[in-house]
Each structure stands twice: as C-alpha cells, then as structure tokens.
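[1] Need coordinates for the below:
(one chain, ligands or ions: 1)
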Amino acid sequence: MSINQFPVDFMWGTATAAYQIEGAYNEDGRGMSIWDTFSHTPGKVKNGDNGNVACDSYHRVEEDIRLLKELGVKTYRFSISWSRILPNGTGAVNEKGLAYYHRLVDALIDNGIEPFCTLYHWDLPQAIQDQGGWGDRRSIAAFKAFAEVMFKEFGAKIKYWITFNEPWCLAFLSNYLGIHAPGYRDLQLAIDISHHILVAHGEAVKRYRELGFTGQIGIAPNTSWGVPYTQSEADKAACLRLNGWSGDWYLDPIYFGTYPAFMLEWYEKIGHQPPIVEGDMETIHQPIDFIGINYYTSSMNRHHDQAGMLQAEYMNMGAARTDIGWEIYPEGLYQLLRYTADKYGNPDIYITENGACYNDEVDNGRVCDQRRIDYLSQHLVQASRAIADGINLKGYMAWSLMDNFEWAEGYGMRFGLVHVDFDTLVRTKKDSYYWYKHVIANNWFELR
Ligand SMILES: N=NNCCOCCOc1ccc(-c2cn(C[C@@H]3NC[C@@H](O)[C@H]3O)nn2)cc1
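    The predicted structure is shown next:
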C-alpha cells in the first residue's frame, strides 16, 4: 500500500467541452459550427450521432453544478461555443449566448468552484469555415475579436483561460487525417492551420494582457507520446518526430519563438513549410502562464522508411487497452511531464485532460467501473511522482465529468465519471465518481 499525498492547493477538477455536452444546437440564436455540419453529414460519425441534444447541459446548468458541488471539485474546465456567442463567427453578439455562460460561471463561483475556460474546443463557426476556416489568415482576426468579446464580458469572473484545446487534433486529425471536422486530407493545409492558430493564440494572449486582466492564460496541447521500440538513434528520432508532431510543434514557437528545427527539416524534405509572415513568430512568442497537458495513452514506435509521413511504425506493446482501444501506459504521463518540464523551463502545468473510456452500463442503479478507478489511480500515481520530482504540476482535471459526444466515435465511447442515458438524459454517478470524490476530499489516495 502506498499513500500518494498531493499539495494543499492542488486544483482537482473535471473537464467537458461545449459541443460534447450542451446540445441546444439551434436554440436561442446559436449559429451552426463545423461539428454540426460534420455530424449531420452521413458517414462521418459512428451511428450517425450528432451534438443536437448531447447531454442537454444547456438546459441543465443547475443539475450539472450539483454534480460538481457534490464531487467537491476545486475547478471545472468547460469550453465556449463560439457560434453561440457570435452566430456568424464575427459581428453581432448573441446576448442569449452570453447569458447562458454567465449563468454557468455565476453558479460555479457561487459554489466555490473556479471556472477554467477553454475558448476554442474545435467547434469553429460554419460561417468562418465558409471563408476558408483556419486555413485562411482572416481566421486570426476573427478569433482575436471573439476572444476580446469573452475577455471583456467575463474577464472579471474567469481567472483561468485556455486559448486552444489540442491544436494537433484541430489541425492534423481534422485536416490531414480527415477524421474530425471539417474532414480534409491536406498536409499543407494542416501546417497552414497550425500556424494560423498559433498566431491567433499569440494575438489573444497579447489582447488579454493589453486589457489589463491579471488571470492566467495558456494552451492545451495533446501529445501522442511515443516510446522508442529500441534505444537505437533511428527509433528515438522516430519517436521525437511523433511527439514533435503534436507537442513541440506548438510549444517551441510559444516558448522559443521558433519551430523545432527537426520538424521544419522533416517537412521541408517533403516539400512543406509553415506560411510565416513577418512578425508572426514574435506574436506567437507571448509569455504564457501555464501549459495544459492532455494525456490518455502512449504508443511504442520504431523507425521504418515506409511507415507514413513520419516514418514511425507503431509497435503493439501488448498493454491492456481501454474500450476505445487505446493502450494503457501510465508511465507515459510521467515521461511526458518530465520532458515538458525539462524542455520549457519547468512552467506551471495542469493536466487538463486524463481519463479512460469504459462503456459500463447502469445495473440496478449502479455503474461498477472499477477499470476506470484503476486507470485514474495509476495515472495519479505518476502525477504524484512528477510533483515529488520537482515538476510544477498544479492541478488535474479528469476527462470527463459525464459521458458525452466523443466526436467521430459518437455516444458509444464513454469517458464520464457520471453515466448519461442518452435517451432519457438521466445522469447516474458511477463508482469512479465516488472514488474521485474521496480522493479530492482527502487530497491523497492509496494504491493497494
Ligand atoms: N497521433 N497519431 N495518430 C495517428 C492516427 O490516429 C487516428 C486517431 O487519432 C486520434 C488521436 C487523438 C484523439 C483524441 C481524442 N481525445 C479525447 C478528446 N480530447 C478532447 C476532448 O474533447 C476529448 O473528447 N483526445 N485525443 C482521437 C483520435
């Protein structure tokens, strides 16, 4: 038995995202987003699922706040539906959209829960996409204007801001691999998008500070953490490329003002480069207050000339897998935290997402999800280890508060501490909810 004690001010929380939980997709003035368009397109999302209703959280603020309050979280990470605030992406503000988020934020604050706000969690207004989306530089000004509306409206209430969630997903998964909205398969477009969102990130950070707000602002990359198959230089370089693809490609420009040379050279070798305009790198290189790390899994890889764009061949570790098929590798979380801390000057880090997909159902009013408890505790041991090792890990947000729309997987893949019946929308607290409540209350846990 080992006791894992956390710092007294450690920020325990949970996370969700607008399109995944809100529903009310065409109510109270909300405009269409690319995820509405994508999920309404046959064949894009499993079972033809969409976010029209989702968890109906738009109409259940009080109910969801009660779940958070009972859980005892210190913070709640949620995201803003841009097209609920600016239905056309720019221009007129939708007052009913602002009112919804004021209701949510006020209820959080009244219950002693710190709002942790993600500005962009993949649901670009369709009107912006119709003008080229993130592939067009005009998206930078549009995002800056949206961020300014949010800062001016909520800057006195919200002290923690994330500009972009998982930029690799919104750039490469969505525009090179074609798996997420809008579903393109164009490497240069993905590189262009990555650059434009980095400039947009920098513009938003700069504007936040210019407006005189003194909260904390950061970004939340997801890293496909690669573990080398052997210690050969070739296998290690293959993993560096895989990790660089989703992590360093975003954090180096922010922390160093330059793209990682090894990735730039890799792309140039195949005829691609970011569309840098004079002044862009200075804009991106704004100091930020924290890095959000989203960690789920790792993959073992070795170099192979024919293994795709990165020449990194996946090797099955034989590790146990969650129900979505991702290998369970808790040590990868520590390795990622150690790498991030060592490379970027030991900044404040929040684990802004960590969780497991297990599709346990309600049985006699109970959801026995011991596998999720095991996954979370094994990863919290690695978080505790990182803190003990001097890494400035300041908080942990379990993904997710409740089962929700898991993008192209639809509703069939459940990550929640709370089960949602998507026919009745009845919420049922899982065993893992009660376990996590105990961990938060004690600020320590024991791994038997
Ligand atoms: N990396 N190389 N991939 C090679 C090819 O992979 C094909 C599939 O790829 C991926 C990669 C990553 C994801 C993913 C999902 N979540 C979970 C959400 N996070 C934000 C929140 O909204 C959660 O719902 N995080 N990441 C999905 C699919």
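[2] can the longest helix belonging to the chain be found next to the ligand?
    Across the chain, the helix with the greatest residue count (assigned by DSSP state H) is helix 187-210. No. Judged by CB under 6 Å from any ligand atom, helix 187-210 makes no contact with the ligand; its nearest approach is 12.3 Å. C-beta here means a position set from N, CA and C on the backbone, and glycine is covered the same way.
[3] So for that helix, what gets flagged as buried?
    Across helix 187-210, burial judged by 16 or more other CB atoms under 10 Å covers 187-205, 207-208.
[4] Tell me which helix or strand comes right after that helix.
    Going down the chain from helix 187-210, the next helix or strand is strand 216-220, by DSSP states H and E.
[5] neighbouring contacts of the helix or strand following that following strand?
    Next helix or strand after strand 216-220 toward the C-terminus (DSSP H and E): strand 225-228. By CB atoms under 8 Å, 6 or more residues apart in numbering, the list of residues contacting strand 225-228 from outside reads 235-236, 238-240, 242-243, 295, 297-302, 312, 317, 329, 332, 335-336.
[6] next one: stretch 338-353
    Contacts for stretch 338-353 (CB under 8 Å, 6+ apart): 11, 15, 77, 116, 162, 165, 216, 218, 220, 222, 243, 247-248, 251, 255, 288-296, 333, 337, 383, 386, 389-397, 399.
[7] In strands, which of the residues you listed fall?
    Among the contacts of stretch 338-353, the ones falling in strands (DSSP state E) are 11, 15, 77, 116, 162, 165, 216, 218, 220, 290-294, 393-397, 399.
[8] Now whatever residue of the stretch 101-250 of the chain ends up closest to the ligand. Nearest residue, chain neighbours left out?
    Nearest residue of the stretch 101-250 of the chain to the ligand (CB to the nearest ligand atom) works out as Ser224 at 3.3 Å. Nearest residue to Ser224, sequence neighbours excluded (CB to CB, 6 or more residues apart in numbering): Ser246, at 5.1 Å.
[9] and the one you found, what is it in contact with?
    Trp168, Phe172, Pro221, Asn222, Thr223, Ser224.
[10] Just the buried residues from those, in ChimeraX please.
    Selection of buried members from the contacts of Ser246 for ChimeraX, criterion 16+ other CB under 10 Å:
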select :168,172,221,222,223,224
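[11] can you put the contacts of Ser246 in JSON lines and add distance to Ser39 and pLDDT?
    Below are the contacts of Ser246 laid out as JSON lines (distance: CB to CB, whole Å; pLDDT from 0 to 100):
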{"residue": "Trp168", "distance to Ser39": "21", "pLDDT": "98"}
{"residue": "Phe172", "distance to Ser39": "20", "pLDDT": "98"}
{"residue": "Pro221", "distance to Ser39": "24", "pLDDT": "94"}
{"residue": "Asn222", "distance to Ser39": "21", "pLDDT": "86"}
{"residue": "Thr223", "distance to Ser39": "26", "pLDDT": "77"}
{"residue": "Ser224", "distance to Ser39": "24", "pLDDT": "75"}
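[12] quick one: Ile440 is in a helix?
    Yes. The assignment for Ile440 (DSSP: H, G, I helix; E, B strand; the rest coil) places it in a helix.
[13] That one contacts Thr75, correct?
    No. With contact defined as CB atoms under 8 Å, Ile440 does not reach Thr75; the gap is 10.7 Å.
[14] Need the residues touching each of those two.
    In terms of CB under 8 Å, 6+ apart, Ile440 and Thr75 are both contacted by the residues Trp12.
[15] tell me which parts of the stretch 201-350 of the chain are close to the ligand?
    Asn222, Ser224, Asn294, Tyr296.
[16] which of those residues sit farthest apart?
    Largest separation among those by CB to CB: Ser224 and Asn294, giving 10.5 Å.
[17] Let's see which of the contacts of strand 225-228 end up in strands.
    Filtering the contacts of strand 225-228 for strands - DSSP E - leaves Ser298, Ser299, Met300, Asn301, Arg302, Ala312.
[18] And the furthest pair within the residues you listed?
    Ser298 and Arg302 (14.0 Å).
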